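Asker: Sharing a sequence plus its predicted fold:
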Amino acid sequence: MFSLCPCPVGLNDFRFVLNRLDEILSGGLVGGEVLEIYGKYRTGKTQLCLAIAAQLCHFREEKLSVVYFDLKNDFRATRFLSFCQGVENVS
């Protein structure tokens, strides 16, 4: 499990310890916006999205909703739970 360490920079905005990721995201994640990740097969898109979702849910003190759209219908809750457990072990 790798850590992206989302750091709040506003009420619903987050930056990550990976400067290149923040650069690609124009400064980080902004609450209330939709982020689409796309790319070639088997390049880590799902891994990145699940890691971000798990870490945002874990490191945020207030309640936070994360919506994950699965357009291929292959989402596995057990995989997401393993990400959540990995985040708990890192923190």
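Answerer: The structure has been received and is ready for your questions.

Asker: what are the ranges of the strands in this structure?
Answerer: Under the criterion DSSP state E, strands of the chain are mapped to 7-8, 13-15, 29-30.

Asker: Partner strands of the second one and their direction?
Answerer: It refers to strand 13-15. Using DSSP bridges, strand 13-15 pairs in its sheet with strand 7-8 (antiparallel), strand 29-30 (antiparallel).

Asker: Can you lay out the strands of the chain as JSON lines showing distance to Asn89?
Answerer: Glycine gets a C-beta too; all of them are placed from N, C-alpha and C. As requested, those are exported to JSON lines (distance: least, Cβ to Cβ, whole Å):
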{"stretch": "strand 7-8", "distance to Asn89": "20"}
{"stretch": "strand 13-15", "distance to Asn89": "21"}
{"stretch": "strand 29-30", "distance to Asn89": "23"}
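
Asker: Please identify the deepest-packed of those.
Answerer: strand 13-15 (a mean of 20; mean count of other Cβ atoms under 10 Å).

Asker: What confidence value was assigned to Val9?
Answerer: Note on Val9: pLDDT of 64.

Asker: Out of the strands of the chain, which gets nearest to Asp74?
Answerer: Smallest distance to Asp74 across the strands of the chain (Cβ to Cβ): 23.6 Å, for strand 29-30.
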